[in-house]
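Novice: mind looking at a prediction? Sequence and model below.
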Amino acid sequence: MDNSQRITAVLGPTNTGKTHYAIERMLAHRSGIIGLPLRLLAREVYDKIVAIRGANVVALLTGEERIVPPRTQFWVCTVEAMPEGLGAEFLAIDEIQLCADPERGHVFTDRLLHARGTFETLFLGADTMRSAIAELVPKAQFVRRERLSELVYAGSKKISRMPGRSAIVGFSVDNVYAIAELLRRQKGGAAVVMGALSPRTRNAQVEMYQNGDVDYLVATDAIGMGLNLDINHVAFSALSKFDGRRMRYLQPNELAQIAGRAGRYMRHGSFGVTGEAPLLEDGVADAIVNHRFAPVKKLQWRNTELEFGNTTRLISALESPTDDDWLTRVREADDLMALKTLSMRDEITAHLGGPQDVKRLWDVCRVPDFRGISHAEHAALLEQIFVYLQRYNRIPDDWLARQVKRVDRPDGDIDALSKRLAFIRTWTYIAQRKSWVDDETHWRGRTRAVEDRLSDALHARLTQRFVDRRTSVLLRRLKQKESLVADVNDKGEVTVEGELIGRLEGFRFTQDKTANADEAKTVRAASVAALAPHFHLLADRFYNAPDTEMDFTEQGGLMWGNSAVGKLVAGDDALKPQVVAFVDDEAGADVMTKVQRRLQHFIDRKVATLFEPLLALSNDETLTPMARGFAFRMVEGFGVVPRASVVAEVKDLDQDARATLRKHGIRFGQFTIFMPILLKPAATRLRLVLWSLAGKLDEFPESPPPGLVTIPTEKDAPMGWDTMSGYRAAGLRAIRIDMLERLADMLRTENSRSGFEANPDMLSITGMTLEQFADLMQGLGYKGEKGERVKVKAAPVAEVKAEEAKVEEAKTEEVEKPEVAAAPETTPETEAKAEEPPEQEVFYTFTWVNVRKGGGDRKPQGKPRGKPQGKRPPRDGAKTYQARPAKKEKPIDPDNPFAAALMGLKDKG
């Protein structure tokens with residue numbers, strides 16, 4: 001396709017930057033024209049381009065405004081007001097999906113079929129138009145744009161619980177006013193935006209919302225067409241509307257167009273319902289969130305090849321059918337209805353001559369019914385205008401002056417001013433028509449001035465009625481009684497008139513339960529008024545507080561001192577938990593954002609500090625594929641993985657991979673593969689919380705007290721708790737992983753085939769009795785055979801020395817005296833000792849029975865010493881003699897209080 005005539009359809013959901021892209025493309029050309037769906041949006045785009053290029057090269061054309069400087073290069077128009085035959089290099093039509101709109105769709109369809117830029121044409125809108133554009137504009141290229149932020153469904157919220165920076169949507173004037181009145185009473189006020197407002201009034205209301213004077217916006221579906229507002233949440237007060245003919249439910253794509261106003265640029269948004277509106281069906285909510293809608297199958301169409309020979313031929317041409325399967329003839333519009341009515345009146349037919357008269361009548365019939373009065377009254381006005389044009393070739397100044405003067409009154413209530421604005425829009429529209437008035441510039445300025453005065457008056461009335469000025473000074477502050485004085489002390493106690501009404505814990509207020517129902521409403525309003533500024537000051541102090549003032553609980557709570565300020569929830573990555581801040585709605589969105597952001601910083605830094613080796617392992621891009629896969633398993637296990645679960649992966653690792661992993665602090669133990677530094681109490685405590693979050697546990701297991709070598713096993717604990725706690729369950733107790741590996745090093749030197757006994761070092765390292773150690777060994781895959789034998793007590797040192805002295809003395813006597821046989825000396829004590837049975841001691845002989853839990857615990861690799869001896873019989877004597885040097889005494893483990901105690905006993909013995 002010739003690039004100089006390229007046609008592009010830029011399609012996607014709301015908040016994708018399509019309109020911004022179109023402005024950039026237009027300004028890249030020497031001339032351009034863009035058609036927009038609303039006068040309000042056209043004015044917004046016009047102001048943006050004027051700020052970039054200046055007012056002397058930008059034109060604005062709408063039904064009621066016409067600003068055309070002599071050196072115009074860029075034209076910003078409503079779609080209906082787009083001039084033809086300009087030959088602009090660039091042309092764009094925004095919200096092209098309105099081709100399917102029952103009322104205005106035929107105008108958009110005509111632009112789709114015929115409007116083109118000489119170099120570039122853009123059609124902007126929803127992805128539902130892809131098939132239709134592909135069929136009707138075969139040369140079109142397609143660009144899909146994704147939403148810049150996420151949109152989520154938040155269900156139903158009461159207006160009293162509506163979060164700040166929310167827009168509540170109604171579909172009738174009465175509904176909008178009722179909601180705004182309720183927000184004034186409960187939230188301090190709201191801005192009002194409706195399609196019927198003039199741009200001046202709408203801009204003033206929006207400015208009041210944007211600068212924070214009010215925190216809420218009440219609007220009709222006019223906000224759905226590209227108006228850019230700082231909205232976080234959109235709530236529908238109804239799901240049906242009157243479309244000019246009947247009440248009907250809004251289609252999912254129509255709801256999405258409005259809901260999509262929530263969230264701007266990269267900030268996420270939400271939508272839901274409020275008031276009496278029912279919950280959205282799951283399928284509808286899902287379609288809006290994921291931007292999936294049924295494609296447009298039919299475009300509204302009306303014949304544009306009109307015949308002006310007479311009114312009958314014109315009506316026939318307007319009602320011509322189409323044989324295109326993609327097009328459907330539009331229903332009878334207001335302009336055609338007016339034409340049919342006027343063509344049957346004698347006063348009109350008397351003034352119809354040739355085709356020029358019929359064309360003029362058609363132009364008059366296309367004057368919109370801004371006033372929303374009856375069809376008959378509107379037709380009477382059009383008849384008067386046409387007769388004047390036919391008689392005088394213009395509308396008389398005095399008649400027009402009287403009409404304008406009648407509405408040039410800035411007094412009255414909201415309804416009266418709204419009606420006058422609708423009337424002045426009619427005269428503003430007429431003043432824009434070429435050759436309908438003598439002095440176009442005068443009448444355009446005159447009607448515009450009246451519209452501005454009425455707009456300012458309407459803005460003042462809306463603000464007066466729907467905004468409480470006393471509470472709008474402070475954001476999100478509810479209306480309070482002047483006589484009440486509320487205060488918050490340094491303990492968080494909230495008082496009104498010196499009476500305690502509640503307590504502030506962190507960022508949540510708990511009201512005193514002693515107040516009755518009538519008092520409760522009053523004191524609540526007063527407390528909120530006092531807390532509004534306090535919340536902001538508290539949030540600033542919290543945001544600047546050091547991490548040392550914060551902590552997380554073993555159940556995933558987040559604390560600031562003694563106050564609960566949030567909780568952890570699972571994120572997409574197990575090592576990146578998210579936070580939910582505990583902040584009252586009355587505190588406002590700014591406080592919520594600040595608290596949540598500070599808590600997120602805290603937990604992110606906590607994870608980064610305590611799991612630094614694990615994160616470094618995860619981010620090491622130099623690892624080989626096999627090592628990277630094993631590193632993933634380590635990260636998945638939070639740095640502690642039972643060897644039984646990674647047997648194959650360990651076997652596949654070559655020596656270089658193992659060496660690299662060891663440099664990261666990984667120890668390949670017999671029972672567990674782990675990072676010793678991650679077994680410290682602080683890391684263990686956090687690991688249990690992260691593991692519990694990832695496993696979606698209802699109740700999180702607590703970490704063991706620090707310093708214990710063994711702990712009791714928990715029958716009801718979730719599977720894997722022992723590993724995450726840094727222990728290995730074995731029998732009735734679980735042993736700390738690092739100490740288990742030290743024990744495994746000792747066991748490796750023993751003959752596990754012939755059997756061996758536990759030595760003091762083994763008992764010392766575990767801090768267990770012999771019976772407990774036997775149970776532990778059985779849990780590790782060993783068989784322990786219990787036996788008894790005579791216990792031989794070691795003689796005290798003093799007795800040994802006395803005995804040696806007697807022997808020496810006896811040797812001396814043997815030299816001096818002849819040998820005489822002496823009977824052994826007996827005493828009652830020695831006779832009693834001779835009668836006592838020998839003291840027995842219990843011992844265990846341990847052998848490996850090859851019971852592998854999960855196939856990962858390896859048989860000890862120690863070599864047998866000497867010949868296999870089988871099962872050893874009980875022997876006399878307490879000591880075991882070996883043909884090897886005595887072991888060096890190992891230093892006492894400072895982390896093992898039981899080992900220290902045992903060594904002390906050993907020294908005493």
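Specialist: Okay, I see it.
Novice: from here on, just use CA atoms for contacts and neighbour counts.
Specialist: Fine.
Novice: do a quick rundown of the helices in the stretch 351-500 of the chain.
Specialist: 355-365, 375-392, 397-407, 414-432, 440-466, 469-472 (DSSP state H, counting those that start in this stretch).
Novice: buried residues in the helix or strand containing residue 629?
Specialist: Under the criterion of DSSP states H and E, residue 629 resides in helix 625-636. Across helix 625-636, burial judged by 16 or more other CA atoms under 10 Å covers 627-628, 630-636.
Novice: before we move on, what about stretch 680-692?
Specialist: Judged by neighbour count using 16+ other CA under 10 Å, the buried positions of stretch 680-692 are 681, 683-692.
Novice: per-residue confidence averaged over that stretch?
Specialist: Stretch 680-692 shows an average pLDDT of 93 in the prediction.
Novice: show me the residue at the heart of the protein, geometrically.
Specialist: For the chain, the residue sitting closest to the mean C-alpha position, by CA atoms, centre = their mean, is residue 268 at 6.7 Å.
Novice: how about that one, what does it touch?
Specialist: Residue 268 makes contacts with 149-151, 232, 262, as judged by CA atoms under 8 Å, 6 or more residues apart in numbering.
Novice: what do you get for residue 36?
Specialist: 42, 76-79, 93-95.
Novice: widest-spaced pair of those?
Specialist: Using CA to CA, the contacts of residue 36 reach their maximum pairwise distance at 76 and 95, which is 14.5 Å.
Novice: what about these two, which has more around it?
Specialist: Set side by side, residue 76 and residue 95 show more neighbours around residue 76, with 28 against 21, by other CA atoms under 10 Å.
Novice: how far away is the more buried one from residue 766?
Specialist: Note on residue 76: its distance to residue 766, by CA to CA, to the nearest Å, is 83 Å.
Novice: ok, residue 338 touching residue 365?
Specialist: Yes: between residue 338 and residue 365 there is a contact under CA atoms under 8 Å: 5.8 Å.
Novice: quick one: low-confidence parts of the stretch 751-900 of the chain?
Specialist: Low-confidence segments of the stretch 751-900 of the chain (pLDDT under 70): 794-836, 850-900.
Novice: and if we set it to 80?
Specialist: Applying pLDDT under 80 to the stretch 751-900 of the chain flags residues 792-838, 850-900.
Novice: kindly report the same for the stretch 151-300 of the chain.
Specialist: In the stretch 151-300 of the chain (pLDDT under 80), the answer is 185-188, 195-196, 222, 224-228, 243-246, 264-267.
Novice: all strands in it, in order from the N-terminus.
Specialist: Taking DSSP state E, counting those that start in this stretch as the criterion, the stretch 151-300 of the chain carries its strands at 151-156, 166-169, 191-193, 216-219, 233-236, 240-242, 247-249, 269-273, 299-301.
Novice: can you lay out those as TSV showing distance to residue 697?
Specialist: Formatted as TSV, the strands of the stretch 151-300 of the chain follow (distance: least, CA to CA, whole Å):
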stretch	distance to residue 697
strand 151-156	24
strand 166-169	34
strand 191-193	44
strand 216-219	38
strand 233-236	31
strand 240-242	42
strand 247-249	42
strand 269-273	27
strand 299-301	53
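Novice: these: which one's closest to residue 649?
Specialist: When the strands of the stretch 151-300 of the chain are compared by CA to CA, strand 151-156 sits nearest residue 649, at 40.7 Å.
Novice: so what does the closest one touch, helix or strand wise?
Specialist: strand 269-273, helix 282-290 (3 or more CA pairs under 8 Å, 6 or more residues apart in numbering; DSSP states H and E).
Novice: residues contacting stretch 176-185, please?
Specialist: In contact with stretch 176-185 (CA under 8 Å, 6+ apart) are residues 159-160, 168-170, 189-192, 216, 218-220, 465-468, 478-479.
Novice: for residue 373, the count of nearby residues, please.
Specialist: Quick note: residue 373 (other CA under 10 Å) scores 9 neighbours.
Novice: my guess is residue 101 contacts residue 300. True?
Specialist: Yes: assessed by CA under 8 Å, residue 101 is found in contact with residue 300 at 6.8 Å.
Novice: before we move on, what SS does residue 559 have?
Specialist: What DSSP: H, G, I helix; E, B strand; the rest coil gives for residue 559 is strand.
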